[in-house]
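Peer 1: missing the sequence, but the structure's below:
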């Protein structure tokens, strides 16, 4: 069995960034396993602009953003297997994968970075009533048909869920000549980025129905109608609020789920809220030598943060392979009132150089509030926030000094209104 | 001129066709849909019941008992999976317990292996039984299959041995002649000495094409289900039944042969024989009822809901007989539960006890051509896989990430004698789209493979029915 220093599962934005930074930190024996026929992951079907504002200070399309990383991979001559599906990952870091070139291969990795990304929640998973004909897709699948294969899936579209892919598709299908009749969102707020609500819906006069869901899909062979209804605070449909739309297509943009079947097989512990691995300050999971970054770890709003996380995981994997990671007591990171989770989930201050950036999401919208950071129950600092929304990832920096003074835990919560 | 024309390629029609393929006779099967196994066969509880439930003296009882005994051999011959996983009927209060004892005695009289278990004994075998369960009837001969796999395999085997299958042929009219029937379909005309009506919920309408007074009717009984994702630790290993009611066997919790779990069905007689839609109220009731017998059901593992339409006949029993008013016209109608469990016995009964009275069956001289099993990469040993990949690298091009299905497997099932023509037919045979992503990843790939292999444009590829095209236009340049 061949042994490789670092195997990266997934050649999307997280995997590419992690490979590059691991290489730049001295690891030369790297293999990227990518199941699609090209690198770049989901970026390749995101032909719209808006990527890279933070990383490159310019607006790129998805493929152009991916290209910058792929160029580096080529420049460094990092080994890549395309059409390579990993079928098994075990906690001793043996990996089985399959490609048409090599058939079924088993290899041993000294370190592994999980960068498998996420999948879309489906209509079936949320049990929307009605028929099950042609014309029902997750937004990302329709996007693939449209941008990669060159086919339109419909002419009259309704979209359930205000996730970013759904919003992007509302604009994209409109520009292709389709009529998007509306977007329904079961929550009282949008799940997409504000700029996407503006640029993809408002600019095209596509109505957004907040606190609404689809309660019926009609059509035995092909979708011909959907019914939406308003929901109460328990998300139950309210009678006599039905609105009917004649459509041939329903797209679902109702959430993304980190793709962790392989992680689970390797006994990597997952976090209940993120559905991704529980990681420490080095992005290492609770299985030694297995790291995670990007959407497999937690679903991000911007690709820039995915790349950044990949970069950090790559550096950490390199440090791990060079025996530079110290073990020792960790601080628990606790998501307090109003927070869904914090990544990383625990921090060993000894591995933090000067400061560490924590990412988290809030569970509800809030305006003019404080984020309260408590160290071992005592308030450490307060940070004023004009606006917080579940759709947007929040970040907070903790310095090494702040961490060193901590015994048990750091908790972040939403405090009082500061108006 | 055919000797036998079978209308309907569900599991009964397909198994009858296969039985007849042993003899010197010409057999054709007409199917209105674009695939076999496309209606009730694809949307039921997938259980081979032990036979504890049907009424004494019914044809259902006789054929259920016989069918259950036949399944092992049948599935071996067809090279499809069958598992005798057993079943529990559970009681949740003292009144139910009394009824359960009655079912136990009846099962014993019928010679069905069974035993009564206390709560503790039952929990030791099925730890997720609900806290209300006080007693269970253990039925170890109950089994599970993939109904559509049995049906497709039976049809492949039948075609291997001379049967002709005509898909997309909806029967419009049947002419009675002196010695034969002329059957007109949406695609052609077929003449046969015998007609065997296996048309499911439409069997009464097919019969009415030749009879002024059909004497029975068939309604659609809708049952709705949830499908749960695969489990690391099984939720249940046996099929869990509540006590039966006048509406049927109740909401079951069923492990499937593919390691998913089904919850369902509810039971509702409906007028529209095509209305296989899911409804909010039915799904809610299924959820509620399933939780009465089994606890810890993770509803966040639901990957799909579906509804099946089963025949519900006006007589309460299977209707399997030569029509009294139309000689050589055989009804195989009202095949409701336990229709799947009975199916091989129904086929045997039709051939041996109905057709043999009118037709002299002579066993074919030539040896039977055995069915080649499906290629399932995920179950093969490493060397076997490598060997296959050397012959055809497409067996290492993965198309489905949830169920680990290769392009080679899909190409194989497209080019078989009962090959897949639609996305749904591909899913039914090798399961891309049956996993947790529900085709989100694989569907564009499956469409491309179908188009390439069938020499069609991707825009011609259907999900299922003729009006179910997936792609409607090319994008602007």
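Peer 2: Happy to help now that I have it. Keep in mind the model is a prediction, meaning the values are calculated, not measured.

Peer 1: in the stretch 301-450 of chain B, which segments are predicted with low confidence?
Peer 2: Within the stretch 301-450 of chain B, no stretch falls below the threshold (pLDDT under 70).

Peer 1: can you show me the helices along it?
Peer 2: For the stretch 301-450 of chain B, applying DSSP state H, counting those that start in this stretch gives helices covering B:339-349, B:382-391, B:407-414, B:423-430, B:443-454.

Peer 1: what does the stretch 51-200 of chain B give?
Peer 2: For the stretch 51-200 of chain B, the helices defined by DSSP H, counting those that start in this stretch cover B:59-78, B:94-109, B:119-125, B:147-160.

Peer 1: out of these, which is the most enclosed?
Peer 2: helix B:147-160 (a mean of 26; mean count of other Cβ atoms under 10 Å in any protein chain shown). Any C-beta I mention is one placed from the backbone N, CA and C, and that applies to glycine too.

Peer 1: for the closest residue to chain B within the stretch 201-350 of chain A, grab the count of nearby residues.
Peer 2: Using Cβ to the nearest Cβ, the single residue of the stretch 201-350 of chain A nearest to chain B is residue A:221, 3.7 Å away. Close neighbours of residue A:221, defined as other Cβ atoms under 10 Å in any protein chain shown, add up to 17.

Peer 1: chain neighbours aside, what residue packs nearest to it?
Peer 2: Take residue A:221 and drop its neighbours on the chain: the residue closest to it by Cβ to Cβ, 6 or more residues apart in numbering or on different chains is residue B:467, 3.7 Å away.

Peer 1: do residue A:235 as well
Peer 2: Of all residues not flanking residue A:235 in the chain, residue A:186 sits nearest, at 5.8 Å (Cβ to Cβ, 6+ apart).

Peer 1: hang on, that neighbour packs against residue A:237?
Peer 2: No. Using Cβ atoms under 8 Å, residue A:186 is not in contact with residue A:237; the gap is 10.0 Å.

Peer 1: which residues are in contact with both of the two?
Peer 2: A:213, A:231 (Cβ atoms under 8 Å, 6 or more residues apart in numbering or on different chains).

Peer 1: and what about residue A:162, helix, strand or coil?
Peer 2: Following DSSP: H, G, I helix; E, B strand; the rest coil, we place residue A:162 in the coil state.

Peer 1: quick one: contacts for it?
Peer 2: So residue A:162 contacts A:183, A:185, A:190, A:191, A:192, A:197, A:208, A:253 (Cβ under 8 Å, 6+ apart).

Peer 1: what about the nearest residue to residue B:232 once chain neighbours are set aside, neighbour count?
Peer 2: Counting by Cβ to Cβ, 6+ apart, the nearest residue to residue B:232 once its immediate chain neighbours are dropped is residue A:264, at 7.3 Å. Residue neighbour count, defined by other Cβ under 10 Å, stands at 13 for residue A:264.

Peer 1: I'd like to know how far residue A:264 sits from residue B:162.
Peer 2: 48 Å (Cβ to Cβ, to the nearest Å).

Peer 1: which residues are in contact with residue A:384?
Peer 2: Contact analysis of residue A:384 by Cβ under 8 Å, 6+ apart lists A:368, A:369, A:370, A:418.

Peer 1: ok, the helix or strand harbouring residue A:96: who's next to it in the sheet?
Peer 2: If you go by DSSP states H and E, residue A:96 is part of strand A:94-99. Strand A:94-99 pairs in its sheet with strand A:85-89 (antiparallel), strand A:103-114 (antiparallel), by DSSP bridges.

Peer 1: before we move on, the earlier item: now the helices of the stretch 51-200 of chain B in a markdown table, please, with extra columns for mean pLDDT and distance to residue A:106.
Peer 2: What follows is the helices of the stretch 51-200 of chain B, written out as a markdown table (pLDDT from 0 to 100; distance: least, Cβ to Cβ, whole Å):
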| stretch | mean pLDDT | distance to residue A:106 |
| --- | --- | --- |
| helix B:59-78 | 98 | 33 |
| helix B:94-109 | 96 | 49 |
| helix B:119-125 | 98 | 37 |
| helix B:147-160 | 98 | 30 |
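
Peer 1: quick one: list the elements packing against the longest helix belonging to chain A.
Peer 2: The longest helix of chain A (DSSP state H) is helix A:303-321. On a contact count with 3 or more Cβ pairs under 8 Å, 6 or more residues apart in numbering or on different chains; DSSP states H and E, helix A:303-321 meets strand A:2-9, helix A:13-24, helix A:62-75, strand A:103-114, strand A:290-292.

Peer 1: any chance of a markdown table for these, columns mean neighbour count and mean pLDDT?
Peer 2: Shown next, in a markdown table, are the helices and strands packed on helix A:303-321 (neighbours: other Cβ atoms under 10 Å in any protein chain shown; pLDDT from 0 to 100):
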| stretch | mean neighbour count | mean pLDDT |
| --- | --- | --- |
| strand A:2-9 | 21 | 98 |
| helix A:13-24 | 28 | 98 |
| helix A:62-75 | 18 | 98 |
| strand A:103-114 | 22 | 97 |
| strand A:290-292 | 29 | 98 |
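
Peer 1: looking at these, which is nearest to residue B:271?
Peer 2: Nearest to residue B:271 among the helices and strands packed on helix A:303-321 is helix A:62-75; the distance by Cβ to Cβ comes to 49.8 Å.
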